[in-house]
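**Q** 3D model of this:
(2 chains)
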Protein chains: 2
Amino acid sequence: MRLSQFYLPLLKETPADAQIASHRLMLRAGMIRQQGAGIYAWLPLGFRVLKKIEQIVREEQDRAGGVEMLMPTIQQAELWRESGRYDAYGKEMLRIKDRGDREMLFGPTNEEMITEIFRAGVRSYKGLPKLLYHIQWKFRDEIRPRFGVMRGREFLMKDAYSFDLDEPAARHSYNRMFAAYLRTFSRMGLTAIPMRADTGPIGGDLSHEFIVLADTGESEVFCDRRLLDLEVPSASTDFSADLQPIVDQFTTYYAATDEMHDADDYESRVDAENQLSARGIEVGHIFFFGEKYSRPMNAAVAGPDGKDIVVQMGSYGIGVSRLLGAIIEANHDDNGCKWPMPVAPFHAGLINLKPGDAEADRACEQLYSALTQADVEVLYDETAGRPGEKFARMDLIGLPLQITVGPRGLADGKVEVKRRSDNTKEEVDLEAAPNWICDAVREGLSHP
Amino acid sequence: MRLSQFYLPLLKETPADAQIASHRLMLRAGMIRQQGAGIYAWLPLGFRVLKKIEQIVREEQDRAGGVEMLMPTIQQAELWRESGRYDAYGKEMLRIKDRGDREMLFGPTNEEMITEIFRAGVRSYKGLPKLLYHIQWKFRDEIRPRFGVMRGREFLMKDAYSFDLDEPAARHSYNRMFAAYLRTFSRMGLTAIPMRADTGPIGGDLSHEFIVLADTGESEVFCDRRLLDLEVPSASTDFSADLQPIVDQFTTYYAATDEMHDADDYESRVDAENQLSARGIEVGHIFFFGEKYSRPMNAAVAGPDGKDIVVQMGSYGIGVSRLLGAIIEANHDDNGCKWPMPVAPFHAGLINLKPGDAEADRACEQLYSALTQADVEVLYDETAGRPGEKFARMDLIGLPLQITVGPRGLADGKVEVKRRSDNTKEEVDLEAAPNWICDAVREGLSHP
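**A** Numbering: from 1, shown residues only, chains lettered A, B, ... in the order given. Take a look at the predicted model:
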């Protein structure tokens, strides 16, 4: 993509109401633009990251056996009356009347709707288990939206729902999502710790939040430091096999959000040197709630003996748009973002220091073309402008590799490559540059 | 994908209120489920088609130079007051108040929002041209939603917006979208005819609708039959070059919707044997409207001489979710859908006629694994059930290729492959089947 064709409106000044780094950087780097309290337009740079995060989430849901679908944003109030949540949900639910005065709402979550869809389609135990998910925009009318996409009102969420015949089977579905979540966040370069958590308005007994540690997180958390060093399940994990050992490995160590924290238990189970009390960002939340929705909504299947069995359900959320904020909180410096390769808006930036100079133009066009053909995503800055301005822009948007091409280097047959992760620079032969970059991209994609 | 894992709730009876084939088939084949008047959940089978259509739209927008972003569904009323459309838009706009009693709306279109985003980011003529698009759910509170996804209330639309310095440049942007649309619909196996059209609530002077001919279409159209035989622009089209010759080729012949129809002109320009008056489905609509939004909303850039120039705008829509209906209307028989390969939910269905039979199971598993590894998307029916039921299901969901494996054929080392497009059948050696299928898929993808 040529920068002149792209739309990258940087902000010179930091917006006064942006209190945390990710919010500031997303505004300054032209990733989002506010369209109302807690409502954002995703400008092209931010959109590209959002799509990459969404795709990783999708791939790991599919790997774990999930089947994708898509529920609408607008729901009927009557459906929520069946579960009893229409009145219970409170003011966070955005309630709407259409031109026919029918009561509707912008979905804050989809337990009711998926239960209605399931009960209409599955009548026999032979149709179980089912694990369905969608990635859709939701709306929660937060009283105080803040921190940019971290606590917005319109936000993108992956929510999955499991339907099983009995509790052991439901537990296996829960474990599949548990393992899938570990892989999902790890692929984005995040260390997310599963913690016992309160179930809130979703309900149920068993629940884990997946928490990324960050000073700016809204949750206070307590955990065993050794959790940070556990290996996540590999890509070859068999999700139909017993996953309890994986779950046990991660739940052996103490980890709890403040609502579930038990100070005595913490002190007795965790040595002082391994105690980690910190702040964290919730990026995922999984629930097993059994019959909470299936019983009032009558989602039952005929069992082997013909008798009805109410199905056991769970739900599993990932805050897709929030993850952008979490990833920036974990990967930035004073100059801007530092995207891990798998979620970077482009793999590399190409800076032409002297557009109009025949040699610089030719070298850049050749590099751009070679890299693009090798499926390296390049943002090519061919615009006029001072070098300092160009460097600052590339640092701000934080592409993992920056390739700088100018007459001085070219005289020696060299270009400069900077790794944004540690800001180290290297001279590379112009001829060797395409392969060098391809290798670096491949390396970055495999080890975020 | 194994059928037992998938979620495919077929309907035995045809819903009484489904008046047209696509609506009936989408419900019967478990592609959608209604969640309110004109509001549908996309079940896994329908979702897969929706994603393929979306991806073709995206690729052709990108090829034409579009840059993708994403605007939120919820908009502020004040923005629409700037253009004067808040009161003008009428009851089709879904108006909402949040908990703070602020006036908002579920966006029916995005001219105002994109103009606000553009004016905040581009201040100089050097930032032009810009061609931005997004693919997002919209809501229009139709008084009489009908025909399933063809005239729903919540629907998925691609809308692009162009910003140019003067009218010739804006005309070039218009032509880019014109040519991109021809390619887009053709890749889905549709013949869409551009027709002069009324501009309605979007406004402007120059506008074309892209119409797919179908008896169940809502528009009455009049055109020259020779339009059906024109070749669409190739994949190597240079979208930065002059595209007027392409547009001229398609606009030389008479083609108009009934609002723009001029009977005398039609009679004089089209020979009797080439006159085609028919019904059609609008799948795309492009508009050039100059300063209609940029002037009241003050979207101007500094020109070369420093003086402000109000930008020239156009907008370009494709009904992504509606396209499913249009494709089915053009491709079905009494037994079900007949998906063109590029938009098929799976490329092939694999029917195991005798699950539990060791030979049949082994042959199926080998085929399934070989095809999946070759990136052929296979829906593998390994469930118990009568052969007639399995064949009827495959015909209903309309995958382009059906591979049937049973003990009788296997005794001769054969499987049967049926092409759903013309319902012809062929015996293929089991050994040769993977390559045979791969070739057929490749062929189908290149010539929908």
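**Q** who in the stretch 101-250 of chain A is up against chain B?
**A** Within the stretch 101-250 of chain A, the residues that sit near chain B (Cβ under 8 Å from any Cβ of the partner chain) are A:102, A:104, A:106, A:113, A:116-117, A:120-122, A:130, A:132, A:137, A:139, A:141, A:143, A:153-154. Every residue, glycine included, has its C-beta placed from N, CA and C.
**Q** and those, which of them are in helices?
**A** A:Met113, A:Glu116, A:Ile117, A:Ala120, A:Gly121 (DSSP state H).
**Q** list the contacts for A:Ile246?
**A** Neighbouring residues of A:Ile246 by Cβ atoms under 8 Å, 6 or more residues apart in numbering or on different chains: A:Asn175, A:Phe178, A:Ala179, A:Leu182, A:Pro233, A:Thr237.
**Q** quick one: it and A:Leu182, what's the gap?
**A** In this view, A:Ile246 and A:Leu182 are 8 Å apart by Cβ to Cβ, to the nearest Å.
**Q** what does A:Gln75 give?
**A** 31 Å.
**Q** Leaving aside the residues adjacent along the chain, what's closest to A:Val301?
**A** Computed as Cβ to Cβ, 6 or more residues apart in numbering or on different chains, the closest residue to A:Val301 that is not its neighbour in sequence is A:Tyr125, at 5.0 Å.
**Q** Tell me which residues touch that neighbour, please.
**A** A:Tyr125 makes contacts with A:Leu165, A:Val301, A:Ala302, A:Gly303, A:Pro304, A:Ile309, as judged by Cβ under 8 Å, 6+ apart.
**Q** Please dump these into a markdown table; it should also carry neighbour count for every row.
**A** Output for these, formatted as a markdown table (neighbours: other Cβ atoms under 10 Å in any protein chain shown):
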| residue | neighbour count |
| --- | --- |
| A:Leu165 | 19 |
| A:Val301 | 20 |
| A:Ala302 | 15 |
| A:Gly303 | 13 |
| A:Pro304 | 10 |
| A:Ile309 | 16 |
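**Q** out of these, which one sits closest to B:Leu94?
**A** For B:Leu94, the nearest member of the contacts of A:Tyr125 is A:Val301. The distance, counting by Cβ to Cβ, is 36.5 Å.
**Q** Reduced to three states, what does that closest one come out as?
**A** Counting by DSSP: H, G, I helix; E, B strand; the rest coil, the backbone at A:Val301 sits in strand.
**Q** thinking again about what came up before, common neighbours of A:Ile246 and A:Leu182, please.
**A** By Cβ under 8 Å, 6+ apart, the residues touching both A:Ile246 and A:Leu182 are A:Pro233.
**Q** all helices of chain A, in order?
**A** Taking DSSP H, the helices of chain A run over residues A:21-28, A:44-63, A:77-83, A:85-88, A:111-121, A:167-187, A:244-251, A:263-269, A:320-330, A:358-373, A:387-397, A:407-411, A:433-446.
**Q** Highest average neighbour count across those helices: which stretch is it?
**A** Most buried of the helices of chain A, by mean neighbour count (mean count of other Cβ atoms under 10 Å in any protein chain shown): helix A:320-330, with a mean of 26.
**Q** how many degrees apart are the longest strand anywhere in chain A and helix A:167-187 in direction?
**A** Criterion DSSP state E: the longest strand present in chain A is strand A:275-290. Between strand A:275-290 and helix A:167-187, the angle comes out at 140 degrees (axes from the mean of the first three to the mean of the last three Cα atoms, to 10 degrees).
**Q** In strand A:275-290, which residues are buried?
**A** Applying a neighbour-count criterion of 16 or more other Cβ atoms under 10 Å in any protein chain shown, one finds A:276, A:278, A:280-290 buried in strand A:275-290.
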